[in-house]
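Visitor: requesting a structural model of the entry that follows:
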Amino acid sequence: MTNKNFPSSYHIDSNGIVRVKKHVLCFSNVADAMFHPLRQNVENNVMVMLHLLKTISRILEVVQKQEYADALLYHATLILESSKINFQNESDTQEITRRFNECQSIYERSKVYFNNRPISGVS
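Guide: Predicted coordinates for the structure are as follows:
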């Protein structure tokens, strides 16, 4: 899914005129549907939040599009913010912060990659 191209939300006729705009599935919607309920239901479970951050970091390592990486970092940030509200133990918050920083580091590397890779079809 990290390298899937989602279909256009516009149907265009042979003259190039938009005839229908439809709601389509996109990566950020899929990420929202997957991560919001998980994060909300495990707000008091450090181990699961750590696992969610590890999962996000693994996905970030293979994403093919900047917008996908942006959506994943957004969810990592929500997990970090939630941990600051829900966990009183400093060791727990430090571990979650460390895992978030790993996600952010992978994100920053991917951002450099996306900004420096050649545009397809352009020489």
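
Visitor: backbone dihedrals for Asn89, please?
Guide: The phi/psi pair for Asn89 (degrees, to the nearest 10) reads phi -70, psi 120.

Visitor: check it and give its pLDDT.
Guide: As predicted, Asn89 sits at a pLDDT of 91.

Visitor: equivalent analysis for Thr97, please.
Guide: 97.

Visitor: who's sitting farthest from the centroid in the chain?
Guide: Distance to the chain centre peaks in the chain at Asn15, reaching 36.3 Å (criterion: C-alpha atoms, centre = their mean).

Visitor: and the residue nearest the centre of the chain, what element?
Guide: Geometric centre of the chain, nearest residue: Leu72, 1.3 Å, by C-alpha atoms, centre = their mean. If you go by DSSP states H and E, Leu72 is part of helix 66-86.

Visitor: longest helix anywhere in this protein?
Guide: For the chain, the longest helix by residue count, based on DSSP state H, is helix 90-116.

Visitor: pLDDT weak spots in the protein?
Guide: 1-10, 22-24, 117-123 (pLDDT under 70).

Visitor: switch to 80 and redo it
Guide: 1-13, 18-25, 112-123 (pLDDT under 80).

Visitor: would you confirm that the residue farthest from the centre of the chain belongs to a strand?
Guide: No: Asn15 is assigned coil when assessed by DSSP: H, G, I helix; E, B strand; the rest coil, not a strand.

Visitor: give the contact list for the residue nearest to the centre of the chain.
Guide: 31, 56, 59-60, 63, 103, 107 (C-beta atoms under 8 Å, 6 or more residues apart in numbering). For the C-beta atoms, the positions are set from N, CA and C on the backbone; glycine is no exception.

Visitor: apply 10 Å and report the result again.
Guide: By C-beta atoms under 10 Å, 6 or more residues apart in numbering, the contact list for Leu72 reads 2, 27-28, 31, 35, 55-60, 63, 103, 106-107, 110.

Visitor: need phi/psi at the residue farthest from the centre of the chain.
Guide: Per degrees, to the nearest 10, the backbone of Asn15 is at phi -90, psi 0.

Visitor: got it, and Asn44?
Guide: Torsion angles, degrees, to the nearest 10, at Asn44: phi -110, psi 10.
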